[in-house]
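Colleague: Mind looking at a prediction? Sequence and model below.
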Amino acid sequence: MQTTVEILGKKILVEWSASAQKKMEGLAEPLLVEMELYFSCLIRKAVRFGADAQSSHFAQASPNLMVGFRPVMTKACRVSDVEGEPPLEDFPILKPESFVPKRLAIDYRGGCWVGDFFLSR
């Protein structure tokens, strides 16, 4: 399945598998999915699901699916000083719409949500 949503004035193609659709239909509330673009010493991208999705802006992709985008950065670049995940804060990008992904793919495999996003179609 697929649809297009708009976040920060940019269109994102959202695609999800039949198994993801089946799992979402059994949820009591819409699944929150966040595309996180992480700026630090390196750049990383991650897809977060459910309570791990902390975007301040979500768009409804289907009755059971909400999609968000969140650019973040670490508070410091010394990863060796941090055990586990480093503390994050929202990244104050002047034009965050320039970094909004073009496509998001979601699946449900082996009892886990999986996803990836792409900066080009």
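Modeller: Nice, thanks for sending it over.

Colleague: The spatially most central residue of the chain: what's it in contact with?
Modeller: Note on the chain: the residue nearest the mean C-alpha position is Met35, at 1.7 Å, using CA atoms, centre = their mean. Going by CB atoms under 8 Å, 6 or more residues apart in numbering, Met35 touches Lys45, Val47, Val67, Gly68, Phe69, Arg70, Pro101, Leu104, Phe117. Placement of C-beta: from N, CA and C, glycine included.

Colleague: Which strand residues bridge the residue nearest to Phe39 when sequence neighbours are not counted?
Modeller: Spatial nearest neighbour of Phe39, excluding adjacent residues (CB to CB, 6 or more residues apart in numbering): Met73 at 4.4 Å. Listed beta-bridge partners, Met73: Phe39, Glu89 (assigned using DSSP bridges).

Colleague: My guess is Met73 contacts Tyr38. True?
Modeller: Yes. Under the criterion of CB atoms under 8 Å, Met73 makes contact with Tyr38 at 7.2 Å.

Colleague: can you list the residues that contact the helix or strand bottoming out on mean pLDDT in the chain?
Modeller: In the chain, the helix or strand scored least confidently by mean pLDDT, DSSP states H and E is strand 88-90, which has a mean of 75. With contacts defined as CB under 8 Å, 6+ apart, strand 88-90 is touched by Tyr38, Ser56, Arg70, Pro71, Val72, Met73, Thr74, Lys75.
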